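>>> Test case, fold it:
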Amino acid sequence: MRKRLPIIIITLIAIVTALLYVFLKPEEGSFIQKYLFNILFPLNAYLLIQMIFRRMWSVAMCRMLGTMGVLILGFVIEIMQSYGVEFLPGAYDPLDIMMYAMGVGVGFVVDVYILDRLKN
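Below is the predicted model:
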């Protein structure tokens, strides 16, 4: 990513996620509030991987690395939680895996359809 606008957008998404995390307690509240961060954190991780590694590797390689890396990390976190290992706060919930995949999917869509168009 050589243009500044995609980098600014990714940074703003990360800042908004951090502010939401501070002001909304993820363990309390409704279904949406509980799973919102399970969508936003993988989205941020995917976009940050794109921003960092595109200077070194091709776009296709970065997209594959971002998708597979974040999904595998999500699966590992949930498997550890299912065995009682407290890796991150929270308990095992099978819906978390679906939310991680949804976050990566939203990040992929933002990357392909929005950031690629801004780059050109």
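>>> Quick check: phi and psi at the closest residue to residue 112 other than its chain neighbours.
Nearest non-adjacent residue to residue 112, counting by C-beta to C-beta, 6 or more residues apart in numbering: residue 63, 8.0 Å away. Every C-beta, even on glycine, is put in place using the N, C-alpha and C of the backbone. Residue 63 adopts backbone torsions of phi -70, psi -40, taken as degrees, to the nearest 10.
>>> how much space between residue 63 and residue 37?
23 Å (C-beta to C-beta, to the nearest Å).
>>> was I right about the residue nearest to residue 112 contacting residue 110?
No. Using C-beta atoms under 8 Å, residue 63 is not in contact with residue 110, being 11.9 Å away.
>>> thinking again about what came up before, against residue 13, how distant is the residue nearest to residue 112?
Residue 63 is 17 Å from residue 13, by C-beta to C-beta.
>>> Neighbour count: those two, which is higher?
For residue 63 versus residue 13, neighbours defined as other C-beta atoms under 10 Å are more numerous around residue 63 (20 against 17).
>>> for that one, what are its contacts?
By C-beta atoms under 8 Å, 6 or more residues apart in numbering, residue 63 lies in contact with 50, 108, 111, 112.
>>> And residue 24, by the same measure?
Residue 24 neighbours (C-beta under 8 Å, 6+ apart): 33, 36.
>>> let's see 6 Å
Listed by C-beta atoms under 6 Å, 6 or more residues apart in numbering, the contact set of residue 24 reads residue 33.
>>> what number of residues lie near residue 45?
Neighbours of residue 45 using other C-beta under 10 Å come to 20.
>>> How about the one 4 residues further on?
Other residues near residue 49 number 19, with proximity taken as other C-beta under 10 Å.
>>> Where does it sit, in terms of helix or strand?
helix 31-53 (DSSP states H and E).
>>> cool, residue 17 as well?
Counting by DSSP H and E, the element that carries residue 17 is helix 4-23.
>>> What of residue 86?
Using DSSP H and E, no helix or strand contains residue 86.
>>> likewise residue 80?
helix 59-82.
>>> just the angle between that helix and helix 31-53, please?
140 degrees (axes from the mean of the first three to the mean of the last three C-alpha atoms, to 10 degrees).
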